[in-house]
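Colleague: Coordinates for the following, if possible.
(one chain, ligands or ions: 1)
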Amino acid sequence: PAPRTVLLTGATGGLGTLMRGLLPSYGYALRSLDLRPVEGDPEAVALDLGTADEEALRAAVSGVDAIVHLAGISLEAPFEKILAANIRGTYALYEAARAEGVRRIVFASSNHAVGFTPVPAEGAPPIPLGTPRRPDTFYGLSKSFGEDLAQLYWDRHGIETVSVRIGSCFPEPTSVRMLSIWMSPADGARLFHAALTAADVGHTVVYGSSANTRLWWDLSSARALGYEPQDDSEPYAAELIDKYGELDPADPDQAHLGGHFCTHPPLWPH
Ligand code: 15L
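Modeller: Coordinates of the predicted model:
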């Protein structure tokens, strides 16, 4: 049966705010969770996944059919902060899901888990699903960890996850790089809905983007879930290229999937 009550973690973040607006039209009753209060939703669960106690976490996930896990730091940060919010936080959520019998999680992984993968040259095949993990930051490393955690909880506990290596999900693409990895919010909701409803996903890794003309990666595992992207960044291309120029493969900021995450900011010392 299709999941109905869905816990949405990171509900006040950029992506969480977009999905709070879009997912209810697919018939989901959302239970929002966030560090911060959720405007207009007094029933939202206010807690920090990285520090909350087990009882609070179990209460937060109790009774939901599935979880869309978007919470965490969404950019590079000092290791200790990433460790608490993204690594411990994701572990704690999976433990609570296991204890409460939640069977399906959609995990917001990121292109930055494989950020040091070179941008495919024109005419070259797209980045495959099985490309080795090459995190570009501690942030990307935490997403790589999340994917491995999802695999472990599938193999050991039978909890299914779709790990979505999201490109850039914003209302519009704002850089030339984003033309290749943009996921329109509407396509994001389509993909999350497919990830919540497809049968027998085990642990499936998918790239998350629209059907962009300049696509860099293989969308086949996302399509296999029933995802049919409707959007393409191409209408934004002329203006962005006019403004910023074509990507330069000799520029280390532009040569890799992760873009400037690969070079800036430099990794924190600890
Ligand atoms: C991410 O993983 C970030 O969360 C998001 O803010 C964007 O920076 C995106 O990647 C991107 O690579 O554009």
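Colleague: okay, CA-based contacts and neighbour counts for the rest of this
Modeller: Noted.
Colleague: Would you tell me whether the worst-scoring helix or strand of the chain on mean pLDDT gets close to the ligand?
Modeller: When each helix and strand of the chain is scored by mean pLDDT, DSSP states H and E, helix 79-82 comes last, with a mean of 95. No - using CA under 6 Å from any ligand atom, helix 79-82 never reaches the ligand; the gap is at least 12.6 Å.
Colleague: what's that helix packed up against?
Modeller: The contact analysis (3 or more CA pairs under 8 Å, 6 or more residues apart in numbering; DSSP states H and E) places helix 79-82 against helix 138-157.
Colleague: average model confidence for the helix it packs on?
Modeller: Averaging pLDDT along helix 138-157 yields 98.
Colleague: check whether the helix or strand following that helix contacts the ligand.
Modeller: Tracing the chain past helix 138-157, the next element assigned as helix or strand by DSSP states H and E is strand 160-166. No - in terms of CA under 6 Å from any ligand atom, no part of strand 160-166 sits within range of the ligand; the closest distance is 6.7 Å.
Colleague: Run a quick neighbour tally on residue 111.
Modeller: By the other CA atoms under 10 Å criterion, the neighbourhood of residue 111 contains 27 residues.
Colleague: who are the neighbours in contact with it?
Modeller: Listed by CA atoms under 8 Å, 6 or more residues apart in numbering, the contact partners of residue 111 are 140, 165, 166, 167, 207, 257, 258.
Colleague: and with 6 Å instead?
Modeller: For residue 111, the contact set (CA atoms under 6 Å, 6 or more residues apart in numbering) comprises 165, 166, 167.
Colleague: Filter the residues you listed down to just the buried residues.
Modeller: 165, 166, 167 (16 or more other CA atoms under 10 Å).
Colleague: Specify the beta-bridge partners of the residue in the stretch 151-270 of the chain positioned nearest to the ligand.
Modeller: Nearest residue of the stretch 151-270 of the chain to the ligand: residue 168, at 4.1 Å (CA to the nearest ligand atom). Under DSSP bridges, the beta-bridge partners of residue 168 are residue 182.
Colleague: Can you pull out the low-pLDDT segments for this protein?
Modeller: Within the chain, the segments meeting pLDDT under 70 span 1-3, 266-270.
Colleague: ok, now which residue in it is the farthest from the centroid?
Modeller: Distance from the C-alpha centroid of the chain, by CA atoms, centre = their mean, peaks at residue 242 (29.6 Å).
Colleague: quick one: which helix or strand includes that one?
Modeller: Here residue 242 is assigned to helix 237-244, by DSSP H and E.
Colleague: what comes up buried for that helix?
Modeller: The neighbour-count check on helix 237-244 (16+ other CA under 10 Å) flags 237, 240 as buried.
Colleague: again with stretch 168-175
Modeller: Applying 16+ other CA under 10 Å to stretch 168-175 flags 168, 169, 170, 173, 175 as buried.
Colleague: May I have the secondary structure class of the fourth one?
Modeller: Right, the one you point to is residue 173. On the three-state scheme (DSSP: H, G, I helix; E, B strand; the rest coil), residue 173 is labelled coil.
Colleague: what are the phi and psi angles of it?
Modeller: Per-residue torsions, residue 173: phi -70, psi 140 (degrees, to the nearest 10).
Colleague: same deal with the second one?
Modeller: Main-chain torsions, residue 169, degrees, to the nearest 10: phi -110, psi 100.
Colleague: What about the closest residue to it other than its chain neighbours, how many residues nearby?
Modeller: For residue 169, ignoring the flanking residues on the chain, the nearest one in space by CA to CA, 6 or more residues apart in numbering is residue 183 at 4.8 Å. Residue 183: 30 surrounding residues under other CA under 10 Å.
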